[in-house]
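Okay, sequence plus prediction incoming.
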Amino acid sequence: MSTPGGYPGTGAPAPVPVCSRHPERPSYVRCQRCHRPTCPDCQRPAPVGIQCVDCVAAAAASMPRPRSVLGVPLTGDQRPTVTMSIIAACVLAYVGQLISPQVTAHFAFTPYLGWSEPWRAMTAAFLHSPSMPLHLVLNMLFLWQIGPALEHTLGRARYLALYLLSAFGGSVAVVLLANAPTRWLRGAADAAAYQSWVQAVVGASGAVFGLFGALLVINRHFGRSSTALYAVLAINLAFGFIYPGISWQGHLGGLVTGIAVAGSVLALRAPARRPHQWVAIATIFVVLLGSSSSNTSPCQRSTADTLSSLKSYPQACPQGGENYTRVTRLALCDSWRASATSTSSSWRTRSRAGRSRR
């Protein structure tokens, strides 16, 4: 004899199974792993049957995270956030340059002020020639073409470090390859003779060439074809040597720096050595910083000592940033020369007084 429904022999109805996450919802479907009832909202299809969200989450946590070819963890958000931010910063800076010439005058890079105003070595990479919109357009176009792929491969932090270091490397190359004066600049004739020392430089080209160099190294390491990239790189390098007004020094410096950064990251891509990548990147920065001080002039070192006491700058000339930088350099040199002469005269007076007292 049997008792229909309920518990055998008692006649009491069996309790209705409910979802473990939603007790108010009855469910007769059980998870294939934990065998708990799970409602439709908590059910996840599995290769065999249905699993609950808790079991799916536990299984996902135990699996290794997906990584790029360089071991960078891949997240769900694959948008090129850093690339878009750099483009936005360059566009905003260009608008600022059009509104006020002082933006170019105070943030463009020139070897003469590299020692006393080092931030210019970085800020110049976000400025472009106000009279040549194509300068901005081409740099941003190249950045958008190759930036997202590198950002995905290197990771956002390493990609940003690559971009900034390449920009800095371009500025360092401009300093190293400039014609540094060995005496005081005494007017327009000297400024023309040492034009590379006082010429203002702007543009993201050095940083973009660094991205080109990094992409070449990565493609070569993984056996990918770079024929088209070599052609684009050769054409752009040639323009720097053929056409005046293009800083081939900045292009070359950015390219070499990008190759060095990418090579360091690839050499240390093993999981155990991956934390050392940042040590290598920091070492490259220190080397660039030390190299930038190897090509200096007495006038530049003097300017670094006296700039803090000089509160006023000449206004930008109507001809633009180039004349502004020349006038500023000459004014700083004149200020230091007068100060040095005054100090020397005072020292000689004290020396004679001391001898007379003895």
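Thanks, I have the structure now. Residues are numbered from 1 along each chain as shown.

Send me the host helix or strand of residue 290 as CSV with only the CA atoms.
When elements are defined using DSSP states H and E, residue 290 is found to belong to helix 276-292. Taking C-alpha atoms only, helix 276-292 is exported to CSV below (Å, rounded to 0.1, in the frame of the first residue of the first chain):
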residue,chain,number,x,y,z
HIS,A,276,61.2,44.0,-14.3
GLN,A,277,59.7,45.7,-17.4
TRP,A,278,59.1,48.8,-15.4
VAL,A,279,62.7,48.8,-14.1
ALA,A,280,63.8,48.7,-17.7
ILE,A,281,61.5,51.5,-18.7
ALA,A,282,62.7,53.6,-15.8
THR,A,283,66.3,52.9,-16.9
ILE,A,284,65.6,54.2,-20.4
PHE,A,285,64.2,57.4,-18.9
VAL,A,286,67.3,57.9,-16.8
VAL,A,287,69.6,57.3,-19.7
LEU,A,288,67.6,59.9,-21.8
LEU,A,289,67.7,62.3,-18.9
GLY,A,290,71.5,61.9,-18.6
SER,A,291,72.0,62.2,-22.3
SER,A,292,70.1,65.5,-22.5
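
Give me the distance between residue 24 and residue 16.
11 Å (Cβ to Cβ, to the nearest Å). To be clear about C-beta, it is placed using only N, CA and C from the backbone, and glycine gets the same treatment.

what's the average pLDDT for the helix holding residue 290?
pLDDT averaged over helix 276-292 equals 89, rounded to a whole number.

elements contacting it?
Applying 3 or more Cβ pairs under 8 Å, 6 or more residues apart in numbering; DSSP states H and E, we find helix 276-292 packed against helix 156-176, helix 248-267.

Only the C-alpha atoms, please, for the last one, written as CSV.
Right, the one you point to is helix 248-267. Presented in CSV, the C-alpha positions along helix 248-267 are these (Å, rounded to 0.1, in the frame of the first residue of the first chain):
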residue,chain,number,x,y,z
TRP,A,248,64.1,64.9,-38.5
GLN,A,249,66.0,64.8,-35.2
GLY,A,250,62.8,64.5,-33.2
HIS,A,251,61.6,61.7,-35.5
LEU,A,252,64.8,59.8,-35.2
GLY,A,253,65.0,60.2,-31.4
GLY,A,254,61.4,59.0,-31.0
LEU,A,255,62.0,56.0,-33.3
VAL,A,256,65.1,54.8,-31.4
THR,A,257,63.3,55.3,-28.1
GLY,A,258,60.3,53.3,-29.2
ILE,A,259,62.5,50.5,-30.4
ALA,A,260,64.3,50.4,-27.1
VAL,A,261,61.1,50.4,-25.0
ALA,A,262,59.5,47.6,-27.0
GLY,A,263,62.7,45.6,-27.1
SER,A,264,62.9,45.8,-23.3
VAL,A,265,59.3,44.7,-22.8
LEU,A,266,59.7,41.8,-25.1
ALA,A,267,63.0,40.7,-23.5
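
got the angle for that helix vs helix 276-292?
For helix 248-267 and helix 276-292, the angle between their directions (axes from the mean of the first three to the mean of the last three Cα atoms, to 10 degrees) works out to 150 degrees.

now the longest one
Orientation note: helix 156-176 sits at an angle of 20 degrees relative to helix 276-292 (the same axes, to 10 degrees).

Could I get the buried residue list for helix 156-176?
By 16 or more other Cβ atoms under 10 Å, the buried positions in helix 156-176 come out as 156, 158-176.

Same check on stretch 136-148?
With burial defined by 16+ other Cβ under 10 Å, the residues of stretch 136-148 counted as buried are 136, 138-140, 142-143, 146-148.

Kindly reformat those residues as a markdown table containing pLDDT.
As requested, the buried residues of stretch 136-148 are arranged in a markdown table below (pLDDT from 0 to 100):
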| residue | pLDDT |
| --- | --- |
| 136 | 92 |
| 138 | 92 |
| 139 | 93 |
| 140 | 95 |
| 142 | 93 |
| 143 | 94 |
| 146 | 92 |
| 147 | 92 |
| 148 | 92 |
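
So which of the residues you listed belong to strands?
Among those, no member falls in strands (criterion: DSSP state E).

ok, so of the residues you listed, who is nearest residue 118?
Within the set of the buried residues of stretch 136-148, residue 139 lies nearest residue 118; the separation is 22.6 Å, counting by Cβ to Cβ.

pLDDT at the closest residue to residue 246 other than its chain neighbours, what is it?
If the residues on either side of it in the chain are set aside, residue 246 comes closest to residue 240, at 4.5 Å by Cβ to Cβ, 6 or more residues apart in numbering. pLDDT for residue 240: 77.

Residue 240 and residue 248 touch, don't they?
Yes. With contact defined as Cβ atoms under 8 Å, residue 240 reaches residue 248; the gap is 3.1 Å.

Compile the helices and strands packed on helix 276-292 into CSV and extend it with columns for distance to residue 29 and mean pLDDT.
As requested, the helices and strands packed on helix 276-292 are arranged in CSV below (distance: least, Cβ to Cβ, whole Å; pLDDT from 0 to 100):
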stretch, distance to residue 29, mean pLDDT
helix 156-176, 42, 92
helix 248-267, 49, 92
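
got JSON lines for those helices, with distance to residue 211 too?
Compiled in JSON lines, the helices and strands packed on helix 276-292 are given as follows (distance: least, Cβ to Cβ, whole Å):
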{"stretch": "helix 156-176", "distance to residue 211": "7"}
{"stretch": "helix 248-267", "distance to residue 211": "6"}
